[in-house]
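Q: Please find the sequence and the predicted model below.
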Amino acid sequence: MDRPQPPAPAARGHAAGATQLDGANGLIRKNPHGIGFIGPNGLKRIDRSGAQQGGSAKRTAAAEVQLPLHQVAQPAFYISVVPDMVGGRLSSHDRDLLGLAHQLAGQDGAVLAVVFGEHKESAFATAGVDRLLVLQGSEFEGYAPEQRVQGLRAVDNQFSPRHWLLPDSRTGGGELGRRFAAALGERPATRVWQVKDGQCIGRAGAGLQDLARPVARLILAAAECAEPVSETRHEALAVELSTSVARSLARIEDLGAVAVDPAAIPMAEAEFIFSGGNGVKDWPLFHQAAAALGATEGASRVAVDDGFMARDRQVGASGIWVTARVYVAVGISGAIQHLQGIGACDKVVAINLDRVAT
């Protein structure tokens with residue numbers, strides 16, 4: 001006579017995806033069918049690192065962790081930063097500048113960010129801004145360096161910052177900083193890549209020499225001049241000017257941006273790059289997509305060596321180092337030489353069917 005079998009685990013109230021079950025003799029046993037996950041190719045995989053167990057709880061706990069809050073209730077002095085805010089957001093260059101500002105501010109000073117017009121940035125606190133001053137008005141919109149200098153002079157009169165930091169860039173900071181220095185009668189330190197031991201070191205001689213001088217009150221700093229703030233969050237308290245900004249004589253009329261063929265923009269200056277690699281099989285369609293997006297075309301070394309793209313379009317350590325706001329890589333495996341060339345890009349989007357591509 002056959003012995004009756006115990007009811008199936010599913011019939012005893014166990015979930016189908018449970019990793020442990022009550023065995024027939026009452027002992028807890030592992031359920032091999034409840035372990036693992038379905039991969040992108042439809043096959044079941046087992047995570048032997050143990051990271052899968054409790055993964056959601058770990059992610060939730062990690063999301064709840066907050067950086068320590070850095071507060072300066074009564075600043076002894078201010079370090080003012082005027083970010084470029086290209087596209088209404090902080091760039092990597094701007095964040096480097098805020099990191100340098102905190103080196104100069106220490107524990108007693110506060111970093112004051114001065115922003116012109118409307119912006120889209122929501123991460124001033126984690127970027128290291130203690131005080132935020134937004135100068136709004138149609139007079140500051142577009143290309144208005146003379147009016148912006150008037151705004152900075154009003155900030156200087158009210159807050160008397162110990163140092164002014166602006167990015168030495170082509171997107172506004174370089175010109176605005178030099179105009180502001182002339183208005184203040186200050187000799188700026190330009191192309192500064194390091195501030196240390198009371199000295200600021202900047203590039204000179206067509207970038208072939210370093211020039212050291214005492215830390216200036218007005219510094220025009222290069223990208224990667226300091227590590228961006230990453231271990232603290234800040235108050236980003238809003239402040240306002242107590243007086244109105246003087247209006248400058250309108251001698252410049254901004255007629256807007258000039259339409260430029262994206263293909264004519266040098267790779268090193270392009271803000272939006274659409275780059276193709278060995279995975280691209282339809283190059284006419286690639287060119288059509290780049291034109292529709294209004295992007296500057298780039299390529300990996302393999303695509304250039306195979307004759308699909310010109311040599312001046314090659315991105316990477318053996319090609320051109322780019323600093324685009326957005327870099328879209330299509331069919332590029334992600335070799336270390338290519339990653340070196342796009343390391344300074346703000347956003348990188350990879351489109352690839354190769355699952356082992358980095």
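A: Structure's in. What do you need?
Q: Who are the contact partners of the residue nearest to K347 when sequence neighbours are not counted?
A: Excluding the flanking residues, the one nearest K347 by CB to CB, 6 or more residues apart in numbering is V326, at 4.9 Å. Heads up, the C-betas are built off the backbone N, CA and C, glycines and all. By CB atoms under 8 Å, 6 or more residues apart in numbering, V326 lies in contact with 271-273, 345-347, 349.
Q: What's opposite V326 in the beta bridge?
A: V326 has these beta-bridge partners by DSSP bridges: F272, K347.
Q: Show me the domain layout of this structure.
A: 21-64, 69-239, 262-351 (automatic domain parsing).
Q: Output the ones you listed as a markdown table; include the columns mean pLDDT and distance to A250.
A: Putting the domains of the chain into a markdown table (pLDDT from 0 to 100; distance: least, CB to CB, whole Å) gives the following:
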| stretch | mean pLDDT | distance to A250 |
| --- | --- | --- |
| domain 21-64 | 55 | 50 |
| domain 69-239 | 93 | 8 |
| domain 262-351 | 92 | 29 |
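Q: In a markdown table: those domains, plus distance to V245.
A: Output for the domains of the chain, formatted as a markdown table (distance: least, CB to CB, whole Å):
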| stretch | distance to V245 |
| --- | --- |
| domain 21-64 | 42 |
| domain 69-239 | 5 |
| domain 262-351 | 29 |
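Q: Of those domains, which is nearest D254?
A: Nearest of those to D254, taken as CB to CB: domain 69-239 at 3.9 Å.
Q: A350 and V302, how far apart?
A: To V302, A350 is 16 Å away according to CB to CB, to the nearest Å.
Q: And L293, by the same measure?
A: Counting by CB to CB - L293 and V302 are separated by 22 Å.
Q: more neighbours, these two?
A: V302 (19 against 13; other CB atoms under 10 Å).
Q: How about that one: what's its closest non-neighbour residue?
A: V302 sits nearest to N278 (CB to CB, 6+ apart), 4.4 Å away.
Q: residues contacting that neighbour?
A: By CB under 8 Å, 6+ apart, the residues touching N278 are 300, 302-303, 306, 331-333.
Q: That one belongs to a helix, doesn't it?
A: No - under the criterion used here (DSSP: H, G, I helix; E, B strand; the rest coil), N278 is coil, not part of a helix.
Q: what's near enough to touch P262?
A: Counted by CB under 8 Å, 6+ apart, P262 has contacts 270, 272, 290-291, 294-297.
Q: Narrow those to just the buried residues.
A: 270, 272, 290, 295-297 (16 or more other CB atoms under 10 Å).
Q: all helices of the stretch 1-150 of the chain, in order?
A: 55-64, 92-105, 124-127, 145-159 (DSSP state H, counting those that start in this stretch).
Q: and if you look at the stretch 201-350 of the chain?
A: Under DSSP H, counting those that start in this stretch, the stretch 201-350 of the chain gives helices at 283-293, 301-305, 336-341.
Q: Stretch 110-123: which residues count as buried?
A: For stretch 110-123, by 16+ other CB under 10 Å, it's 110-117, 119, 121.
Q: Give me the nearest residue to E139, chain neighbours excluded.
A: With sequence-adjacent residues excluded and distances taken as CB to CB, 6+ apart, E139 is closest to Q147, at 4.9 Å.
Q: so the one you found touches F140, yeah?
A: Yes - look at Q147 against F140 with CB atoms under 8 Å: they come within range, at 6.0 Å.
Q: coming back round to it: let me know the closest of the buried ones among the contacts of P262 to L241.
A: F272 (35.2 Å).
Q: So the closest one versus H93, what's the distance?
A: Relative to H93, and taking CB to CB, F272 is found at 17 Å.
Q: just G117 next, same as before
A: With CB to CB as the criterion, G117 and H93 are 19 Å apart.
Q: that older thread, between Q147 and F140, tell me which one has more neighbours.
A: Between Q147 and F140, Q147 has the larger neighbour count (other CB under 10 Å), namely 23 against 18.
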